[in-house]
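Trainee: model the following, please.
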Amino acid sequence: MVLSRSRRRPAPDRLAPEARSDGTRAEGTAAGRNAAPGDGRPRLSAEASAFLVCSLIACVAGVVNALSVQTEAMRRGEVAGLAPWLWEGTSAVVVIALLPVLFALIRRWPLLGPGWRRSLAVHALATVPYSLAHVAGMVLLRTLLAPSLLGHRYRFFGDPVTELLYEYRKDAVGYLILAYVMTAVLRGSEARRDPEAPPPRPATKVALRCGATTVLVEPLDVAWARAAGNYVEVSTGGPPILVRSTLAALAKTLEGAGQPMLRVHRSWLVPSYAVTALHPDGNGGLRAVLTDGQDVPVGRGYREAIEKQLGVSA
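Mentor: You can find the predicted model right below:
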């Protein structure tokens, strides 16, 4: 089972169980976590907000398309009847049913941030099975419902290959639109989740020795660091930098410059907010998924501390 974080967790000093100045608790009951800031009113989670917005888009698109078909039929002097509503309604229902799959893909391969090019390629490939599932689902629903609603059997019109290509063109565009809308809603919801969190202070560049060269790096640009013998490989979005240091020393340097780090393995160091999911590695251990899509091992000796810090449990 994948264990995902829906947001960055605040620093520990803002996670104390004592009451805040507005009378609410930082982390307590589920009601407290989902309450609107300051007034205790319940608030939708980021996932629920994204699901509702994308569902609304699917429904509105279906209504607009059905009305357009009816208008075109009226211009030809015909009566469209319930057919366009059945076609568009079944399409919208299947799209909504596929949203959890799309959500899981967005969490695993984010479309924004480091690694977005690779994520975009993954999502482009995912449009193919998405379209096939969409077509299969709506054809099944139409086959079941058409006899009772329309008085005749439903048939997938024309040549199947031509029809599948026709549907794929629409589904690919629809998939990417929903993916970016979902990403925007998730980011917006998560940004409002902790309004009392102070803005991150400007990071001071840190000097990393790379052979005879000193490289100045923005601490917030560090995506991960990996031990490599007597050196440490540091990734900042470009080619890794080979630094003469230890992971412990590097973590201390970055944390002193405003970048909190998390030791996930004896050979791996990542920003504390960069872990978006934990999943089994198939051998009884865990692996962590980072915001840039990197999949890194989680050492058994670090597992309990990581789960506690991320607020998840196996």
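Trainee: what's the domain layout of this protein?
Mentor: 46-191, 206-310 (automatic domain parsing).
Trainee: least confident of those, on average?
Mentor: Note on the domains of the chain: lowest mean pLDDT is at domain 206-310, with a mean of 84.
Trainee: kindly check the end-to-end length of that one for me.
Mentor: End-to-end distance of domain 206-310: 26 Å, with CA to CA, to the nearest Å as the criterion.
Trainee: not counting stretch 227-242 itself, show me its contacts.
Mentor: 114, 208, 210-211, 215, 217-218, 221-226, 243-247, 250, 266-269, 292, 294 (CB atoms under 8 Å, 6 or more residues apart in numbering). Every residue, glycine included, has its C-beta placed from N, CA and C.
Trainee: what about 7 Å?
Mentor: For stretch 227-242, the external contacting residues (CB atoms under 7 Å, 6 or more residues apart in numbering) are 114, 208, 210, 215, 217, 221-226, 243-247, 250, 267.
Trainee: from the residues you listed, which land in strands?
Mentor: 208, 210, 215, 217, 224-226, 243 (DSSP state E).
Trainee: selecting buried members of those residues in PyMOL, what would you type?
Mentor: In PyMOL, this line selects whichever of those come out buried by 16 or more other CB atoms under 10 Å:
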select buried, resi 208+215+217+224+225+226+243
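Trainee: and the gap between the residue nearest the centre of the chain and Pro240?
Mentor: In the chain, the residue lying closest to the centroid (CA atoms, centre = their mean) is Arg107, at 2.6 Å. Arg107 sits 25 Å away from Pro240, going by CB to CB, to the nearest Å.
Trainee: before we move on, what about Arg155?
Mentor: 56 Å.
Trainee: related to what we said a few turns ago, would you confirm that the residue nearest to the centre of the chain contacts Val275?
Mentor: No - judged on CB atoms under 7 Å, Arg107 makes no contact with Val275 at a distance of 11.7 Å.
Trainee: residue contacts, the nearest residue to Leu262 once chain neighbours are set aside?
Mentor: Nearest residue to Leu262, sequence neighbours excluded (CB to CB, 6 or more residues apart in numbering): Ser272, at 4.3 Å. Contacts here follow CB under 7 Å, 6+ apart; on that basis Ser272 touches 260-262, 309.
Trainee: biggest separation within these, which pair?
Mentor: Greatest spatial distance among the contacts of Ser272 (CB to CB): Met261 and Gln309, at 11.4 Å.
Trainee: more crowded one of the two?
Mentor: Set side by side, Met261 and Gln309 show more neighbours around Met261, with 22 against 16, by other CB atoms under 10 Å.
Trainee: strands along the stretch 151-300 of the chain, start to end?
Mentor: Taking DSSP state E, counting those that start in this stretch as the test, the strands found in the stretch 151-300 of the chain are 206-210, 213-217, 224-228, 231-235, 241-243, 261-265, 268-271, 275-280, 286-290, 295-298.
Trainee: can you tell me which of those strands comes nearest to Ala184?
Mentor: Among the strands of the stretch 151-300 of the chain, strand 275-280 sits nearest to Ala184 (CB to CB), with 16.8 Å.
Trainee: what angle separates that closest one from strand 286-290?
Mentor: Angle, strand 275-280 to strand 286-290, by axes from the mean of the first three to the mean of the last three CA atoms, to 10 degrees: 150 degrees.
Trainee: and strand 275-280, which strands flank it?
Mentor: Here strand 275-280 is paired, per DSSP bridges, with strand 3-4 (antiparallel), strand 286-290 (antiparallel).
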